[in-house]
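Visitor: Pasting a predicted model and its sequence here:
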Amino acid sequence: MAFVNGLIASGMSTKEFSFIGFLSANSKERKDKLEEIKFEKRTLIFYEAPHKLKLTLESMLEVFGDRKVVLAKELTKIHEQYIRGNLSTVLEQIGDNIKGEFVVIVDGSKQSKEEFEISNLNEISLDEHYNFYENQGLDKKEIIKKISKDRNISKNEIYQYFLNK
């Protein structure tokens, strides 16, 4: 139950959280799990051993980006300590001689997977954008309506583009 104390003292949102526990020591499995929860909006809570902490934080930075994080060390013990900041700054602060057991509390994602995909749709071609919605099973009329909304362009302009193809 150390994670409850860590979450409360972290200053992160306690409204909703997801306790993940220990991540795999295997690099691929660890990254796969982080990819799976990348768009989780709830506060994420992990346990981590000192010898794996740096690798875990590096993997989190790579997958999540530079999110806010709190490391809660030796909770409910005399040497209880909190290290707060973004993943990149906390990685710089911890050094290499890491001791103690950690609860790692990570800020949830600010975007859902759908919001992220839509924000990235404006960076791709209209044809790729069309294919994105077509692969979801939408008909042409609905696709044109969604592209128009995503890109803030009139439906007529989008329709004309595809009509001339």
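Guide: Cool, got the structure.

Visitor: rest of the way, CA atoms for contacts and neighbours
Guide: OK.

Visitor: Got phi/psi on the residue nearest to the spatial centre of the chain?
Guide: In the chain, the C-alpha nearest the mean C-alpha coordinate belongs to residue 38, at 3.3 Å (CA atoms, centre = their mean). Per-residue torsions, residue 38: phi -50, psi -40 (degrees, to the nearest 10).

Visitor: who touches it in this structure?
Guide: 63-64, 109 (CA atoms under 8 Å, 6 or more residues apart in numbering).

Visitor: Looking at those residues, state which has the most neighbours.
Guide: Taking other CA atoms under 10 Å as the neighbour criterion, residue 64 ranks highest of the contacts of residue 38 with 20 neighbours.

Visitor: For that residue, which residues are in contact?
Guide: 34, 38, 109.

Visitor: Can you point out the buried residues in the one helix or strand residue 35 maps to?
Guide: Assessed by DSSP states H and E, residue 35 sits inside helix 27-37. Neighbour counts over helix 27-37 (16 or more other CA atoms under 10 Å) mark 30-31, 34-35, 37 as buried.

Visitor: Output those residues as JSON lines; include the columns distance to residue 88 and pLDDT.
Guide: Formatted as JSON lines, the buried residues of helix 27-37 follow (distance: CA to CA, whole Å; pLDDT from 0 to 100):
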{"residue": "30", "distance to residue 88": "18", "pLDDT": "94"}
{"residue": "31", "distance to residue 88": "17", "pLDDT": "94"}
{"residue": "34", "distance to residue 88": "17", "pLDDT": "96"}
{"residue": "35", "distance to residue 88": "18", "pLDDT": "93"}
{"residue": "37", "distance to residue 88": "19", "pLDDT": "94"}
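
Visitor: Can you check what pLDDT the model gives residue 90?
Guide: At residue 90, the pLDDT value in this model is 93.

Visitor: On the secondary structure side, give me the element for residue 115.
Guide: helix 113-121.

Visitor: Scan the helices and strands of this protein for the one with the lowest mean pLDDT.
Guide: helix 113-121 (a mean of 70; mean pLDDT, DSSP states H and E).
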